[in-house]
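Chemist: Provided below for reference: sequence and predicted model.
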Amino acid sequence: MKKMIIFPLLFGVMVASAQLKLGLKAGANFSTFTGLDNAESLVAYHAGGFLRFNFNKISLQPELLYSKQGASVEENGEKKDYKLDYILLPVVAQWQFGGSLYAEGGFQAGFRANDNFPDNVDAKGTDWSGVLGLGFLKPTGGLGLGARYTLGLANVADTDTGDSDFKNGVWQISLLYLFK
């Protein structure tokens, strides 16, 4: 019974002692489908916002992003762009070092908003990914720059042809703004 009271109380004290800041981010996506030999990178964009809970040199950063991604796939000698639009919910832990540099890692859930796949390909509604990245952002706020790779952990689609073992692989380069 004591644990049921102590843990929520301890969590509440941690959140209350954290510095909470709001930020915006936007940038370029360089995406492909891993697991497909005939897939090439597709360039698109992402944009959205984030909350940053600062705990000294460690931060927790949940985000809400709109992301256009996909791949250029060669089929029967013809290149075709397969695009997916997602609402992404990444949650990353960041470790601040060297003043304004940070390394981050975490997971993200993606919810498909749109796709242009053919009728014989059933794009899945949810995508799960691991996230790793580096960046530069002053803890006090202002402009920053981030780079991350998201590696898909779930298949993107099911196909009639049986070639459904492909996942999202996305490099993101972001311009960040953390409000002071």
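Modeler: On my side now, so go ahead.

Chemist: where do the helices sit along this structure?
Modeler: Along the chain, the stretches classed as helices by DSSP state H are 2-17.

Chemist: run through it and note the low-pLDDT ranges.
Modeler: Along the chain, segments meeting pLDDT under 70 span 1-18, 159-164.

Chemist: 80 instead?
Modeler: Within the chain, the stretches with pLDDT under 80 are 1-18, 118-121, 158-165.

Chemist: count the residues that sit near F97.
Modeler: Counted with other CB atoms under 10 Å, residues neighbouring F97 total 10. Where you see a C-beta, it was placed from the backbone N, CA and C, and this is true even at glycine.

Chemist: next one: phi and psi at P118?
Modeler: phi -70, psi 170 (degrees, to the nearest 10).

Chemist: what distance do you get for it to T126?
Modeler: Distance of P118 to T126, computed by CB to CB, to the nearest Å: 20 Å.

Chemist: could you list the paired strands of the lengthiest strand in the chain along with their orientation?
Modeler: Longest strand in the chain, counting residues (DSSP state E): strand 78-97. With DSSP bridges as the test, strand 78-97 is paired with strand 58-75 (antiparallel), strand 101-115 (antiparallel).

Chemist: run the chain-centre distance for the first one.
Modeler: This means strand 58-75. Distance of strand 58-75 from the chain centroid (CA atoms, centre = their mean, to the nearest Å) equals 5 Å.

Chemist: quick check: buried residues in that strand?
Modeler: S59, L60, Q61, E63, L65, S67, K68, Q69, G70, A71, S72, V73 (16 or more other CB atoms under 10 Å).
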